[in-house]
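A.B. asks: sharing a sequence plus its predicted fold:
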Amino acid sequence: MLLRPRLVRAPLRHASARAAFSARHLVPRGSDADASTDATASDAIVRLVAASGGTLEADLDRLFPALSHGLVASTLRTLTDRGVPAERFFSWASLRRGFSPSAHAHNLLVDNAGKLADYGAMSRALALMSQRRLSLTDRAFDFLAPSGSSRSSSVEDAARAVLRVLDDVGGPCRASGVFSLVKALASTGEFDAAVSVIEATQRMARYYNVLVAAKCKAGDFVGAREVFDEMRTSGCDPDANTWNYLLGCLLKNGRTAEACGLVETMERSKLGEVPNSLTYEILTHHACKAGKMDSAMRILDQMLLANLTPRITIHSAFIKGYFYAGRIDDAHRYISDMSTRDRHSTNRNYSLFAKLLRKSGKTIDAGRVLYELMEKGLRPDHSAYVKVAKDLHKMGRGDLASELKSMFERFSLQADIGR
């Protein structure tokens, strides 16, 4: 009879922390020297563009900065802050050999035109984006954020002007532009202006959902419910996202009884798409965070009965909920049970559990979990395997690290055979 390897001979015993943890040093993406160089080049470019001489392009050529996306974005933001038109600079940068402005830079150019109320320049920028099939984001409409002296009426006027430009340009930019325009207005609290844009275009659930999400983020459930009711009265049916925003807002603000009532309403709504997997994820996440693991399990059982596949974030919530509650055996039992009920999640569940054990100093237990996963014929997360193996070596348990390595190398061998 073959002896079982020592890593899996015994159940988890939650070994005490003995391994030394090496500090991870953060490596910056760019050096201070690079940032300083970009700042210097950006300042020089801004001075030239602000002077707006007839030889601007030739002057920029003589300056000949090494263009990068960071430098172009920084220059565009500075030009906008100073109220300087950026169109000529952008055109010059677009013609530089080996450089193509990013989608983000195009959005910054739209923002620059909006800040200057130059809708002709905005139209040209949008036409260029449509030609290149680039999408607008709410960053393009930062200029609509009201300043200290701005009034909502002026923001609404500017929003209507932008909408006229979007209608004139058409193409791919209009669809992404209307959505981003509504989002930009909602994010700054300009809800009346956002509603006027929706009314002037099309009453779509995805537009209203932006308003509901902004209200919920601010904890304004009453306002979110008013938008919800407005959707219904205007003939625009709320979708699953609308319901889920309201549910998340109620739970986040401790209004559990109302949340339960909302779920019951969802179930009676006769909409096939609600409750959906995200609904159950919101409920289970809240229950796990509150330490109500038995309630969370009942919700998960109901989800599986509805033939909905749990997202990996649901499993993560359960594993972390059990783990941080000190219920290590329950966490282990959970991932073992889920390996048969939702096999697609097995690898990530085991790897996450091993990472949590290792970080808490239970390195031997982490090794056993990874070994158990590999016994099922599944390869663990590479970083989890490497870190556990290294910590086992540091603890003086090179024998256990070798067992892990032997099992892990089988996957490389199988890959070679399959070629």
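C.D. replies: Looks like it arrived, so ask away.
A.B. asks: every contact and neighbour count from this point should use C-alpha atoms.
C.D. replies: Will do.
A.B. asks: apart from its neighbours in sequence, what residue is nearest the residue most central in space within the chain?
C.D. replies: Nearest to the geometric centre of the chain sits Thr313, at 13.1 Å (C-alpha atoms, centre = their mean). Leaving aside its sequence neighbours, Thr313 sits nearest to Glu281 (C-alpha to C-alpha, 6 or more residues apart in numbering; 7.5 Å).
A.B. asks: what packs against the host helix or strand of that neighbour?
C.D. replies: Secondary structure assignment for Glu281, by DSSP states H and E: helix 277-289. For helix 277-289, the packing partners by 3 or more C-alpha pairs under 8 Å, 6 or more residues apart in numbering; DSSP states H and E come out as helix 240-252, helix 293-305, helix 312-324.
A.B. asks: surely Ala287 and Ala296 touch.
C.D. replies: Yes - the pair Ala287 / Ala296 is scored as a contact, 5.3 Å apart, by C-alpha atoms under 8 Å.
A.B. asks: between the two, who's got more neighbours?
C.D. replies: Ala296 (25 against 21; other C-alpha atoms under 10 Å).
A.B. asks: list the contacts of that one.
C.D. replies: Ala296 sits next to Leu283, Thr284, His285, Ala287, Cys288, Phe318 when contact means C-alpha atoms under 8 Å, 6 or more residues apart in numbering.
A.B. asks: and with 7 Å instead?
C.D. replies: By C-alpha atoms under 7 Å, 6 or more residues apart in numbering, the residues touching Ala296 are Thr284, Ala287, Cys288.
A.B. asks: host element of the closest residue to Ala354 other than its chain neighbours?
C.D. replies: Computed as C-alpha to C-alpha, 6+ apart, the closest residue to Ala354 that is not its neighbour in sequence is Ala366, at 4.4 Å. Using DSSP H and E, Ala366 maps to helix 363-375.
A.B. asks: tell me what that helix is packed against?
C.D. replies: helix 346-359, helix 382-394 (3 or more C-alpha pairs under 7 Å, 6 or more residues apart in numbering; DSSP states H and E).
A.B. asks: apply 10 Å and report the result again.
C.D. replies: helix 328-341, helix 346-359, helix 382-394, helix 398-418 (3 or more C-alpha pairs under 10 Å, 6 or more residues apart in numbering; DSSP states H and E).
A.B. asks: just the buried positions in the first one, please.
C.D. replies: Buried residues in helix 328-341, counting neighbours by 16 or more other C-alpha atoms under 10 Å, are found at Ile328, Asp330, Ala331, His332, Tyr334, Ile335, Ser336, Ser339.
A.B. asks: before we move on, what about the second one?
C.D. replies: Within helix 346-359, the residues scored as buried using 16+ other C-alpha under 10 Å are 346-358.
A.B. asks: got it, and the third one?
C.D. replies: Along helix 382-394, these residues count as buried under the neighbour rule (16+ other C-alpha under 10 Å): Ala384, Tyr385, Lys387, Val388, Ala389, Lys390, Asp391, Leu392, His393.
A.B. asks: Asp118 and Val162: what is the separation?
C.D. replies: For Asp118, the distance to Val162 (C-alpha to C-alpha, to the nearest Å) stands at 10 Å.
A.B. asks: whoops, I mixed them up, Thr340
C.D. replies: On the measure of C-alpha to C-alpha, Thr340 and Val162 end up 54 Å apart.
A.B. asks: packing partners for the host helix or strand of Ala58?
C.D. replies: Using DSSP H and E, Ala58 sits within helix 56-63. Packing partners of helix 56-63 (3+ C-alpha pairs under 10 Å, 6+ apart): helix 32-51, helix 87-94.
A.B. asks: between that helix and helix 87-94, how many degrees?
C.D. replies: 50 degrees (axes from the mean of the first three to the mean of the last three C-alpha atoms, to 10 degrees).
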